[in-house]
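Chemist: show me the folded form of this:
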Amino acid sequence: MSKRLLPTMTALQCFEAAARHLSFTRAAQELHLTQSAVSKQVAQLEDMLQHPLFHRVRRRLQLAPAGELYLAEVNRILTQVDISSRYILSYGGETEVLKVATQPTFGARWLVPNLKGFSRRHPNIHLDIKNELEPFDLVQAKADVAFFYGTGSWPGAICIELFGEDVIPVCAPDLLPEQPLLDAGDLTRLVLLQCTSRPSAWHEWFEEQGISTENSYHGPRFDTFYMCIRAAESGCGVALVPRFVVLDELQEGKLVIPWQHYKPSQGAHFIAFAEQSAEVPKVRALIDWILEKARAGTGAVQPVPEFKE
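Modeler: Numbers count the residues shown, from 1 in each chain. Below you'll find the predicted structure:
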């Protein structure tokens, strides 16, 4: 493996400040260094990169082409270091970070509301929640705990079913035709909004009602249910989504159900964690909390696997 080119943080800061001010003197004043120290740091950086970063024109600095390219990269590096440092400052000495992965709409519509009170009960556990659209390897510790929709199979992981769901069609009130729909097939005259993660959802919904249509796979396609919901609210078409993610919009009248047919989904929502993490206290704390909330909401949750003390 070739040796890494790793300039010091001081050199990067000196270069960034000099590039921003186009002056070694002003950069030195900002960084509380001498002008010669800043100049030396930049010179060493140029030697390492084997490119001039500045042109010296009539005692003034101008960024060289390589300097302009490098400045954009250095700004990103310094910004990320600053963010990471402030991130660590937010933790107490006894704080443990628990990394959680969730699908975007499930996270916003179910997970986040059900985390209310968790931090008060477990003040030393800092949740780090991220959206994940693509499958990943839990064993590689990209997340300690993951929420997903499916059949409950995840290599190397323990999966606990939280609840099932049913899907319903929803649209903006003003999208409905003046004449009442005679059957579900009338929906095919409207734009059918598609969700990338459930490509055959409309086909299965129509098929369950004995309706065959070529339009079930046609229509604008969105990455998430949240985007489908927003598109439906905006009058772009009819979305087929899990009922629990649109309860607020239905209650507020932003969306209506154009045809009353609730189809149970083939999959369910699960919480998963790596087998070797089953005995980790912070993981167990979140699992216990989530199962408590899921039971309160649905009354049907799988038994919790035995944890060893």
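
Chemist: and the residue nearest the centre of the chain?
Modeler: Among the residues of the chain, the one closest to the centroid is Asn131, at 2.0 Å (Cα atoms, centre = their mean).

Chemist: bridge partners for it, pull those for me.
Modeler: Judged by DSSP bridges, the bridge partners of Asn131 are Thr102.

Chemist: going forward, begin numbering at 58 instead of 1
Modeler: In the new count, where the first residue is 58, that last one comes out as Asn188.

Chemist: that one is in contact with Val157, isn't it?
Modeler: No: between Asn188 and Val157 there is no contact under Cβ atoms under 8 Å: 10.3 Å. No exception for glycine: its C-beta is placed from N, CA and C like everyone else's.

Chemist: which residue ranges of the chain form strands?
Modeler: Secondary structure of the chain by DSSP state E: the strands cover 111-114, 117-120, 153-159, 182-188, 202-207, 214-220, 223-227, 249-252, 278-279, 295-299, 320-321, 325-331.

Chemist: report all helices and strands that the third one contacts.
Modeler: Contact partners of strand 153-159 among helices and strands, from 3 or more Cβ pairs under 8 Å, 6 or more residues apart in numbering; DSSP states H and E: strand 182-188, strand 202-207, helix 338-355.

Chemist: relative to helix 338-355, how tilted is that strand?
Modeler: On the basis of axes from the mean of the first three to the mean of the last three Cα atoms, to 10 degrees, strand 153-159 is oriented at 40 degrees to helix 338-355.

Chemist: mind checking how far strand 153-159 is from the chain centre?
Modeler: 12 Å (Cα atoms, centre = their mean, to the nearest Å).

Chemist: what's next to it, contact-wise?
Modeler: Counting by Cβ atoms under 8 Å, 6 or more residues apart in numbering, strand 153-159 makes contact with 148, 168, 181-189, 193, 198-204, 339-340, 343, all of which sit outside it.

Chemist: residue ranges in this structure under the pLDDT threshold?
Modeler: Within the chain, the ranges that satisfy pLDDT under 70 run 58-59, 144, 146-152, 192-198, 355-366.

Chemist: for the residue of it most remote from its centre, give its distance to Val95.
Modeler: Largest separation from the mean C-alpha position in the chain: Arg115, at 50.5 Å (Cα atoms, centre = their mean). Shown here: Arg115 relative to Val95, a distance of 19 Å by Cβ to Cβ, to the nearest Å.

Chemist: all helices of the stretch 158-307 of the chain, in order?
Modeler: Residue ranges of the helices in the stretch 158-307 of the chain, as given by DSSP state H, counting those that start in this stretch, are 161-163, 175-178, 258-265, 282-290, 304-309.

Chemist: angle of the fourth one against strand 223-227?
Modeler: Put plainly, it is helix 282-290. Here helix 282-290 runs at an angle of 30 degrees relative to strand 223-227 (the same axes, to 10 degrees).

Chemist: okay, now Ala123: neighbour count?
Modeler: Other residues near Ala123 come to 15 when the count uses other Cβ atoms under 10 Å.

Chemist: shouldn't it be in contact with Pro109?
Modeler: Yes: the criterion here is Cβ under 8 Å, and Ala123 meets it with Pro109 at 6.7 Å.
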